[in-house]
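Chemist: build me a model from this:
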Amino acid sequence: MGITANQVKLLQKEDLVGFKYAKQDVLIDITKRRLRSIYMKKAEMLGNVYKGKVKLTFLSEENQYFAVETTIWAVNEEYITIKGGVNIPTKSVCEIDF
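Modeler: The predicted model follows:
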């Protein structure tokens with residue numbers, strides 16, 4: 001989606017407790033939002049069936065990009081639940097890499 005590696009700071013899942021995410025949906029294009037939904041479901045299956053990790057890139061409240069490599073446990077329209085019970089707002093996720 002056009003985000004370069006030097007724009008993204010990699011975090012540990014433990015760093016996400018109390019993290020402030022973007023309030024608005026970071027994806028304007030409806031097609032990209034649909035793809036994000038499809039990728040999230042695929043990542044959920046990967047995490048639950050194969051215990052595989054994905055890299056989630058998301059936007060903070062301060063418009064900075066961050067990423068975490070983790071296992072996704074559950075997904076719905078509002079949140080992604082990752083290992084450790086941390087919830088990330090779906091609308092703040094801009095990329096999912098397998």
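
Chemist: how about the helices in this structure?
Modeler: In order along the chain, the chain carries the following helices (DSSP state H): 30-50.

Chemist: so where's it shaky on pLDDT?
Modeler: 1-2 (pLDDT under 70).

Chemist: same thing but 90
Modeler: Segments of the chain classed as low confidence (criterion: pLDDT under 90) are 1-6, 83-84.

Chemist: beta partners of the most centrally placed residue in it?
Modeler: For the chain, the residue whose C-alpha lies nearest the mean C-alpha position (Cα atoms, centre = their mean) is L56; its distance is 3.7 Å. The partner list for L56 in beta bridges (DSSP bridges) reads V68, I96.

Chemist: against F66, how distant is the closest residue to C94 other than its chain neighbours?
Modeler: Closest residue to C94 in three dimensions, ignoring its sequence neighbours and counting by Cβ to Cβ, 6 or more residues apart in numbering: V26, at 4.7 Å. The C-beta positions use only the backbone N, C-alpha and C, and glycine is treated the same way. With the distance defined as Cβ to Cβ, to the nearest Å, V26 ends up 12 Å from F66.

Chemist: more neighbours: the two, which one.
Modeler: Taking neighbours as other Cβ atoms under 10 Å, V26 and F66 compare with V26 leading, 22 against 19.

Chemist: is it true that V54 touches I72?
Modeler: Yes: V54 sits in contact with I72 when judged by Cβ atoms under 8 Å, with a separation of 6.3 Å.

Chemist: any residues in contact with both of those two?
Modeler: Listed as contacting both V54 and I72 by Cβ atoms under 8 Å, 6 or more residues apart in numbering are 43, 46-47.

Chemist: most neighbours of all those, which one?
Modeler: If you rank those by neighbour count (other Cβ under 10 Å), A43 sits at the top with 24 neighbours.

Chemist: check the gap between that one and N63 for me.
Modeler: Here A43 is placed at a distance of 24 Å from N63 (Cβ to Cβ).

Chemist: got it, and K42?
Modeler: Applying Cβ to Cβ, one obtains 27 Å for the distance of K42 from N63.
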